[in-house]
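Undergrad: Below are the sequence and a predicted model for it; my questions follow.
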Amino acid sequence: MHGPIGIFDSGVGGTSIWKEIKKMLPHENTIYLADSANAPYGEKSKEEILQLSIKNTEFLLQQDCKLIVVACNTATTNAIDYLRTHYNVPFIGIEPAIKPAALHTKTKKVGVLATQGTLSSSLFHNTSKLFAEGITVVEQEGKGLVELIESGQINSVVTRGLLLSFLRPMLEQDIDCLVLGCTHYPYLIPLLQDILPDHISIIDSGEAVARQTKAVLEKNQLLNTKGQPGEHLFCSNKGIEVLRNLVDDDNAQISYLDF
Ligand code: DGL
């Protein structure tokens, strides 16, 4: 019998990835860590992001997790290389989906909305260089958005105003793809669809991460073959109400835990 899939994020945003994993792997048990007490990661130093990622990983390994999904672009781009070399389980990360956007764009202009920590990482730079040759990548830091989503404001006047101020310069530069480079942002998709003109495609990596998780479990013969619906445990080190609302699953167990 294999252990659960461990998933962590700086807070509630990675639940957007958990939903994709649950859809694609309905028999897997999961443990999700929301490090909301330390959110946002995006404005911390690389070293701080690394230390927090180590803390989350070690907690999940103590729970016998067989694979860890780093459901945070900021933690992936700053810490996944270290995690992969220092721990003996497979890690799945998430990065802004530059490659699909570069293949899809007609205007050859792609917007990326992400945290400062992601945009300044060498992994993000290398990916952009590799896959976006001949494409203008308009980078925009989503400063303040993670805090708003952490406080449950996914559709408030303040959130809308902030998003508008971030999107305007991108629209002026004629982007036709908007890459969501932070796992909190998929919760803003209804608002984004309302704000953005119809011809702009919104691209996020959630489904690709779930597909990759399945492929790696298969390859390592780690799939749960019991055939029963998975059990899902969520732990947050801050309030749990926003987490509960976003998870929106009566069968999930959601607890406060000072990890
Ligand atoms: N969900 C995290 C990400 O994907 C948010 C980072 C933060 O806390 O700033 O980057």
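TA: On my side now, so go ahead.
Undergrad: and the worst-scoring helix or strand of the chain on mean pLDDT, what other elements does it pack with?
TA: Counting by mean pLDDT, DSSP states H and E, the chain has its least confident helix or strand at helix 122-131, which shows a mean of 93. Packing contacts for helix 122-131, counted by 3 or more CB pairs under 8 Å, 6 or more residues apart in numbering; DSSP states H and E, involve helix 73-86, helix 98-104. Every C-beta, even on glycine, is put in place using the N, C-alpha and C of the backbone.
Undergrad: which stretch among the ones you listed comes nearest the ligand?
TA: Evaluated over these, closeness to the ligand peaks at helix 73-86, with 3.6 Å, by CB to the nearest ligand atom.
Undergrad: mean confidence for that closest one?
TA: If you average the pLDDT over helix 73-86, you get 97.
Undergrad: So which bits of that helix are buried?
TA: Under the neighbour-count criterion of 16 or more other CB atoms under 10 Å, helix 73-86 has 73-80, 83 buried.
Undergrad: what does the stretch 151-259 of the chain put close to the ligand?
TA: Residues of the stretch 151-259 of the chain lying close to the ligand by CB under 6 Å from any ligand atom are 182-184.
Undergrad: And the strands in the stretch 51-200 of the chain?
TA: For the stretch 51-200 of the chain, the strands defined by DSSP state E, counting those that start in this stretch occupy 67-70, 91-92, 109-114, 136-141, 177-181.
Undergrad: which parts of the least confident helix or strand of the chain are buried?
TA: Residues of helix 122-131 classed as buried: 123-124, 127-128, 131 (neighbour count, 16+ other CB under 10 Å).
Undergrad: List of residues touching that helix?
TA: If you take CB atoms under 8 Å, 6 or more residues apart in numbering as the criterion, helix 122-131 is touched by 76-78, 80-81, 95-96, 98-99, 102, 114, 118, 137, 181.
Undergrad: got the end-to-end distance for stretch 202-209?
TA: One end of stretch 202-209 to the other measures 16 Å (CA to CA, to the nearest Å).
Undergrad: what would the helices and strands packed on helix 122-131 look like in TSV with distance to Asn237?
TA: Below are the helices and strands packed on helix 122-131 laid out as TSV (distance: least, CB to CB, whole Å):
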stretch	distance to Asn237
helix 73-86	15
helix 98-104	32
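Undergrad: hang on, the earlier thing: which one of the buried residues of helix 122-131 is nearest to the ligand?
TA: Of all the buried residues of helix 122-131, Phe124 has the smallest distance to the ligand: 10.7 Å, by CB to the nearest ligand atom.
Undergrad: hang on, the earlier thing: can you select the buried ones among the residues of the stretch 151-259 of the chain next to the ligand for me in PyMOL?
TA: With 16+ other CB under 10 Å as the criterion, this PyMOL line picks the buried residues out of these:
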select buried, resi 182+183+184
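Undergrad: Adding pLDDT and distance to Glu47 as columns, could you present the residues of the stretch 151-259 of the chain next to the ligand in TSV?
TA: Formatted as TSV, these follow (pLDDT from 0 to 100; distance: CB to CB, whole Å):
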residue	pLDDT	distance to Glu47
Cys182	97	20
Thr183	98	22
His184	98	22
